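S.K.: following is a predicted model, sequence given first.
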2 protein chains.
Amino acid sequence: MEKSKYTDEQIKLARYAKALSHPVRVQIMEILARQSCCYSGDMVDELPIARSTLSQHLTELRNAGLIQGEFNPPKIKYCINQEAWKEAAKLLTTFLAKKTTL
Amino acid sequence: MEKSKYTDEQIKLARYAKALSHPVRVQIMEILARQSCCYSGDMVDELPIARSTLSQHLTELRNAGLIQGEFNPPKIKYCINQEAWKEAAKLLTTFLAKKTTL
DNA sequence: AATTCATTTCGTAATTATACGAAACAGAAA
DNA sequence: TTTCTGTTTCGTATAATTACGAAATGAATT
């Protein structure tokens, strides 16, 4: 068979999976899901990483589209991006529901 | 609040997500799900990577527990590990079903 | 204009990921 | 025992990830 590149769905799925591929990012999403939104400074108190490291992880989640930050001087309120979260859920859940014809 | 390490669930979830964080590994799992099992040599014909690179990705999926290889000289037949696949589905689906109290 | 506050960016370092071709390997077949 | 076949390991290179503290930023307040 001919070699092929990846489909948009495979790329999207991998991107969302990658966003969740570190325990601290899983925890961040759990915190945000629990309380809807959260300030970065409040989050860092429950996380075993430095502030600057948290900032990097938040940037990754933002780049993946899963969260968005609302500037609320001098704080930044982070929330889950519902659209993206729903899309990630749909893509991954559908994918994981695939069963082998055993 | 006190700083904490990660829960077993967060670590497991992140590990499965990481296994799926590259499009070619998503595609590999789709191939295996489609036809139950597959020889590495047959897979490489549908994938845009070299044999040695495929081998590396298969090792990653094996380390994550998602697949297992059965030696069938001189070929190796790869199959999905149903137990792990089910666990990944459960963990990720539950996680992604979390909704913010918006 | 200087200070404060929450956060990010910078500089840096160590580790891991991704990719390839060449070489090694293990078992079957000749 | 030599050859063949499918696969992995090795050697290597480049890029991305993860981490931290120090310094910079941006907006509000003094």
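M.R.: Yep, that arrived.

S.K.: check the gap between residue A:82 and residue A:42 for me.
M.R.: Here the distance between residue A:82 and residue A:42 works out to 21 Å (CB to CB, to the nearest Å). From N, CA and C alone the C-beta is placed, and that goes for glycine too.

S.K.: who has more neighbours out of these two?
M.R.: Using other CB atoms under 10 Å in any protein chain shown as the criterion, residue A:82 and residue A:42 rank with residue A:42 on top: 15 against 12.

S.K.: where does that one land in three-state SS?
M.R.: Of the three states, residue A:42 takes helix under DSSP: H, G, I helix; E, B strand; the rest coil.

S.K.: now do the same contact list for residue A:93.
M.R.: B:92, B:93, B:96 (CB atoms under 8 Å, 6 or more residues apart in numbering or on different chains).

S.K.: what about it, distance to residue B:94?
M.R.: Shown here: residue A:93 relative to residue B:94, a distance of 10 Å by CB to CB.

S.K.: what is the closest residue to residue A:41 other than its chain neighbours paired to in the beta sheet?
M.R.: Spatial nearest neighbour of residue A:41, excluding adjacent residues (CB to CB, 6 or more residues apart in numbering or on different chains): residue A:75 at 6.7 Å. Using DSSP bridges, the bridge partners assigned to residue A:75 are residue A:72.

S.K.: neighbours of residue A:75, how many?
M.R.: Neighbour tally, residue A:75, other CB under 10 Å: 13.

S.K.: cool, the one 10 residues further on as well?
M.R.: Residue A:85 has 21 neighbouring residues, counting by other CB under 10 Å.

S.K.: now do the phi/psi pair for it.
M.R.: phi -60, psi -40 (degrees, to the nearest 10).

S.K.: if I pick it, what's in contact with it?
M.R.: Counting by CB under 8 Å, 6+ apart, residue A:85 has contacts A:66, B:96.

S.K.: distance of it relative to DNA strand C?
M.R.: Computed as CB to the nearest atom of the strand, to the nearest Å, the residue A:85 to DNA strand C distance reads 19 Å.

S.K.: ditto for residue A:71
M.R.: Taking CB to the nearest atom of the strand, one finds residue A:71 at 9 Å from DNA strand C.

S.K.: and for residue A:7?
M.R.: Counting by CB to the nearest atom of the strand - residue A:7 and DNA strand C are separated by 15 Å.

S.K.: check what pLDDT that residue gets.
M.R.: Here, the pLDDT recorded for residue A:7 equals 97.

S.K.: could you do residue A:102 as well?
M.R.: Residue A:102 is given a pLDDT of 54.

S.K.: kindly report the same for residue A:96.
M.R.: At residue A:96, the model reports a pLDDT of 97.

S.K.: what segments of chain A are helices?
M.R.: For chain A, helices defined by DSSP state H occupy the ranges A:8-19, A:23-35, A:40-43, A:51-63, A:82-97.

S.K.: can I get those helices in CSV with distance to residue B:35?
M.R.: Shown next, in CSV, are the helices of chain A (distance: least, CB to CB, whole Å):
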stretch, distance to residue B:35
helix A:8-19, 17
helix A:23-35, 32
helix A:40-43, 44
helix A:51-63, 34
helix A:82-97, 16
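
S.K.: for residue B:26, find the nearest of those helices.
M.R.: helix A:8-19 (4.6 Å; CB to CB).
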